[in-house]
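In: predicted model follows, preceded by the sequence.
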Amino acid sequence: MLKFVDQAPKQVIRLVEANESTDLGQELSPQEVDQVAEIFHTPLTGSYTWDYREADSKLRKLYKLGKERNWNADYDLDWARTFSHSESPMVATGENPYADWEPFKKLTDKQQIEFGWHSHAWTISQFLHGEQGALLVASQLASCAPTYDGKLYAASQTFDEARHVEVFGRYLREKVGLMYPVNRHLKALLDKILTDPRWDLKFIGMQLIIESLALAAFHVQMAMSADPFLRDLLDLVTRDEARHVAFGVTYMEQFVKSLPPNEVDDRAQFAFEACRIMRERIVPTDVFAHYGFDVEEGRRLFLAAGQMDSFRNLLFTRIMPNLNKVGLLTDAVRPKYEELGLMQFAGLPNDGDINWADLSKPLPGYTAENPAPLTSGFFNKETGLAAKEPDSAQSA
């Protein structure tokens, strides 16, 4: 049944399709297995475009790469691979921010590993929720982007985001068995982006802030994950995200140059507020609450740990250069970023200087001569013949 709610669910849910028996969450009863939907209202102003000529070769090339580098999670990932829940999902990186925290020290070794899986589930859950937000915003941009090239790319990104929602949801279901609710800071920013009537604010909030942060976070997660399957999954997703961010920087750089100074300052302030909100989005306070720990104390420990602070700042190494490239690090907001310690990243390479060789790399397992199958996953890379369709396709 379809169930409408006034706000996002807050409970931690055990997903009944998990491939391992765990105590990680609360299993849903048959009565609770509803399609839960939260309505939002937006004064979206769409636009037609009556000029179908190619106007920007960079945007069109990004659009074409999206078509050529399409992947299918059913075929291009080996879902049969497993990773034991008796092992930590993350590689040891040195400092543990909770090592001397009394509530954490009281946990047994097994419970501490379980805590790690909860933290991991929280992180991937935020990836999932963020990708749904990107799906919704991209679908809006297809309507309200004012140019033909912008509409084409937004439509292709919508399909990319649908794949990302699918793959993260399936990973949580089959490999983790647990889902956390959306972080309130992430939800607040998604609400703002989705309900703002200005199309360029949607671009700034999604393409420059959330997508840039996600791209950096996915790279960090790939480096820290102990599960080879998850690293392969994230590699596919980051290929798409790199195109999305390059699209946002290229498109918004042109637009911001056309605005008067007061409107540039307005957009720059919006971008700063979005960054400030997103700095809090990486703190797993919901995990602390689930375990009955002091949430504020856990937050302080997390942020005080030198490694965690470096990790949080590292996530902004994509956002700051991109904001600088498009002209949104104005004199009015630079001191505010300085207070957050983020201006040090402004001069790093940005995603507007597109590395076409990197974006054009064939999908894993393919070659430059055979960069992608005619239909993703249906082509046997070794024999050159059509591969057997899965049972679900045969029985459809």
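Out: Nice, thanks for sending it over. Model, not experiment: these values are computed from the prediction.
In: how about the nearest residue to Gln207, chain neighbours excluded?
Out: With CB to CB, 6 or more residues apart in numbering as the criterion, Gln207 has its nearest non-adjacent residue at 2.4 Å, and that residue is Gly248. For every residue, glycine as well, the C-beta is placed using N, CA and C.
In: run a quick neighbour tally on that neighbour.
Out: 26 (other CB atoms under 10 Å).
In: so who does it touch?
Out: Contact analysis of Gly248 by CB atoms under 8 Å, 6 or more residues apart in numbering lists Phe203, Met206, Gln207, Leu208, Glu211, Ser212, Asn322, Asp351.
In: confirm the last one sits in a helix?
Out: Read it as Asp351. No: judged by DSSP: H, G, I helix; E, B strand; the rest coil, Asp351 forms no part of a helix; its state is coil.
In: so it is in contact with Ser212, correct?
Out: Yes: with contact defined as CB atoms under 8 Å, Asp351 and Ser212 form a contacting pair (7.3 Å).
In: so what sits against both of those two?
Out: The contact lists of Asp351 and Ser212 share Val245, Gly248, Arg318, Asn322, where a contact means CB under 8 Å, 6+ apart.
In: on that earlier part again, tell me the SS of the residue nearest to Gln207?
Out: Assignment for Gly248 (three-state DSSP): helix.
In: begin at 5 from now on, thanks
Out: Fine by me, first position is 5 from now on; the one you just mentioned is Gly252.
In: from Ile214, how far off is it?
Out: 10 Å (CB to CB, to the nearest Å).
In: need the helices for the stretch 105-254 of the chain, in chain order.
Out: 106-109, 113-148, 152-175, 188-199, 203-206, 215-228, 232-260 (DSSP state H, counting those that start in this stretch).
In: any chance of these in CSV, plus mean pLDDT and distance to Tyr79?
Out: Rendered in CSV, the data for the helices of the stretch 105-254 of the chain read as follows (pLDDT from 0 to 100; distance: least, CB to CB, whole Å):
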stretch, mean pLDDT, distance to Tyr79
helix 106-109, 95, 41
helix 113-148, 96, 20
helix 152-175, 96, 12
helix 188-199, 93, 31
helix 203-206, 94, 32
helix 215-228, 91, 21
helix 232-260, 95, 11
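In: to Arg64, which of those lies closest?
Out: Proximity to Arg64 (CB to CB) singles out helix 152-175 among the helices of the stretch 105-254 of the chain, at 5.9 Å.
In: elements contacting the closest one?
Out: helix 61-72, helix 77-80, helix 113-148, helix 232-260 (3 or more CB pairs under 8 Å, 6 or more residues apart in numbering; DSSP states H and E).
In: tabulate the ones you listed (CSV), appending distance to Leu19.
Out: Listed next are these as CSV, based on distance: least, CB to CB, whole Å:
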stretch, distance to Leu19
helix 61-72, 30
helix 77-80, 17
helix 113-148, 9
helix 232-260, 16
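In: tell me which of these sits nearest to Leu307.
Out: helix 113-148 (15.0 Å).
In: list the buried residues of that closest one.
Out: By 16 or more other CB atoms under 10 Å, the buried positions in helix 113-148 come out as 116-146, 148.
In: how long is stretch 145-161 end to end?
Out: 10 Å (CA to CA, to the nearest Å).
In: ok, now stretch 105-117?
Out: End residues of stretch 105-117 are separated by 15 Å (CA to CA).
In: rewinding a little: closest one to Gln15 among the helices and strands packed on helix 152-175?
Out: That would be helix 113-148 among the helices and strands packed on helix 152-175, by CB to CB, at 12.1 Å.
In: neighbours of Met282, just the number please.
Out: Around Met282 there are 24 other residues, counting by other CB under 10 Å.
In: pLDDT (mean, whole number) over whatever helix or strand it lives in?
Out: Met282 belongs to helix 265-284 when elements are defined using DSSP states H and E. The average pLDDT for helix 265-284 rounds to 92.
In: can you put the helices of the stretch 105-254 of the chain in a markdown table and add distance to Tyr295?
Out: Output for the helices of the stretch 105-254 of the chain, formatted as a markdown table (distance: least, CB to CB, whole Å):
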| stretch | distance to Tyr295 |
| --- | --- |
| helix 106-109 | 7 |
| helix 113-148 | 7 |
| helix 152-175 | 23 |
| helix 188-199 | 18 |
| helix 203-206 | 37 |
| helix 215-228 | 21 |
| helix 232-260 | 23 |
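In: nearest to Ala278, of these?
Out: That would be helix 188-199 among the helices of the stretch 105-254 of the chain, by CB to CB, at 5.7 Å.
In: report the buried residues of the closest one.
Out: Arg188, His189, Leu190, Lys191, Leu193, Leu194, Lys196, Ile197, Leu198.
In: ok, now stretch 9-21?
Out: Val16, Ile17, Arg18, Leu19.
In: contacting residues around the last one?
Out: Leu19 makes contact with Gly29, Leu176, Arg177, Val180, Gly181, Leu182, Met183, according to CB under 8 Å, 6+ apart.
In: surely Val330 touches Leu212?
Out: Yes: in this structure, Val330 is within contact of Leu212 by CB under 8 Å, at 6.8 Å.
In: who touches both of those two?
Out: The contact lists of Val330 and Leu212 share Val253, Met256, where a contact means CB under 8 Å, 6+ apart.
In: wait, Ala230 touches Pro93, no?
Out: Yes: with contact defined as CB under 8 Å, Ala230 reaches Pro93; the gap is 5.8 Å.
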